[in-house]
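Trainee: here is my input; please provide its structure:
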Amino acid sequence: MSQAEAPRSSLRVQTVAHAFTPATLLRYAEALAQSLHNARAAELVGDVVVALGDGSEKAGLAKRAQDALRAALAYGGAGFTYERFGQNLGHAEGQNRLFQKNDSELLLLCNDDVVTGPLAVTELVQGLLARPEVGLVEAHQLPFENPKAYDPVTGETGWCSLACALTRAELFSELGGLDAESFFVHGDDVDYSWRLRLSGYQCTYRPSARVILDQRVDGSGGLLISPQEERHAAEADLLLSQKYGGPGRFDDRLAWYREHGSEAQREAAEAFGERRAEGRLPSPVPGAERVAFFLDGSYAVDRFA
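Mentor: Coordinates of the predicted model:
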């Protein structure tokens, strides 16, 4: 069957927005529309729906702003839906809530501060459909590329960031979506990746699928991380340690944050001490040693180290 005769895959793009401005969302939509337009022109993608979940506590997105997003996405042949949660559900729960209305074959999870490259969607779809064992494909983030090691031929890697990544909707459903019971902002992507690998699929990285991720740097050139993000990252590390780290790792990390951590990290450790006392920690995952990797706060080999 030629490419022209091959059935096009239906695609659902899901974005959970919290701290945003209408201008940021419009920039996101315009870039995504161009990328969708090119993927449809390449006859890789058929029906497309872009679903936006609004997790802000402020008033919902005005109708004028919604109409502007709908008009921008129409260039990419995409329908548009808007759902206001009325509260910050977190990334995992927000994505799961949006997925309840899915009827597409492919699922693209994308942050609202991502500017999608013109060929990003095309490259992600090609990377996912090239081999049946591939279950998740991550885009190349600019200007700060994630330093995770990956196979230069197959793209296989230990886990995929969900800032912009494509998965099979059927697989997402089979795995129960993201673990919203455990993860709020950070860590749900590592957890989904490892559960996917335990099911026999591969996580892959696609350098040719380029996106720009809105990030800031501090005075030394390092990534600028707010105290809130620092706390969420520590919480994710403790949760992943509990689910996948084996005997003792959770206790070791908890002790380290309490003794050596920043104020935000110590707050996370204190909250987790209470959570453990109340019996609200996730259960260890059987076979975790086959997929999990922990080293100095990282979950994959650093290819630059």
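Trainee: how near is the residue lying closest to Leu171 once chain neighbours are set aside to Tyr75?
Mentor: Closest residue to Leu171 apart from its sequence neighbours, by C-beta to C-beta, 6 or more residues apart in numbering: Gly135 at 5.2 Å. The C-beta positions use only the backbone N, C-alpha and C, and glycine is treated the same way. Per C-beta to C-beta, to the nearest Å, Gly135 is found 30 Å from Tyr75.
Trainee: between these two, which one's more packed in?
Mentor: The neighbour count for Gly135 versus Tyr75, taken as other C-beta atoms under 10 Å, is higher for Gly135 (26 against 14).
Trainee: let me know the secondary structure of the more buried one.
Mentor: What DSSP: H, G, I helix; E, B strand; the rest coil gives for Gly135 is strand.
Trainee: just checking, it touches Leu166?
Mentor: No: using C-beta atoms under 8 Å, Gly135 is not in contact with Leu166; the gap is 9.8 Å.
Trainee: which residues does Gln34 contact?
Mentor: Contact partners of Gln34, counting by C-beta atoms under 8 Å, 6 or more residues apart in numbering, are Tyr75, Gly76, Thr116, Pro118.
Trainee: actually Ile225, not the one I typed
Mentor: Contacts of Ile225 (C-beta under 8 Å, 6+ apart): Ala233.
Trainee: buried ones in stretch 138-149?
Mentor: For stretch 138-149, burial by neighbour count (16 or more other C-beta atoms under 10 Å) applies to Glu138, Ala139, His140, Gln141, Asn146, Lys148.
Trainee: next one: stretch 201-213
Mentor: For stretch 201-213, by 16+ other C-beta under 10 Å, it's Tyr201, Gln202, Cys203, Thr204, Tyr205, Arg206, Ala209, Arg210, Val211, Ile212, Leu213.
Trainee: closest one of those to Glu270?
Mentor: Proximity of the buried residues of stretch 201-213 to Glu270 (C-beta to C-beta) peaks at Leu213, which lies at 30.9 Å.
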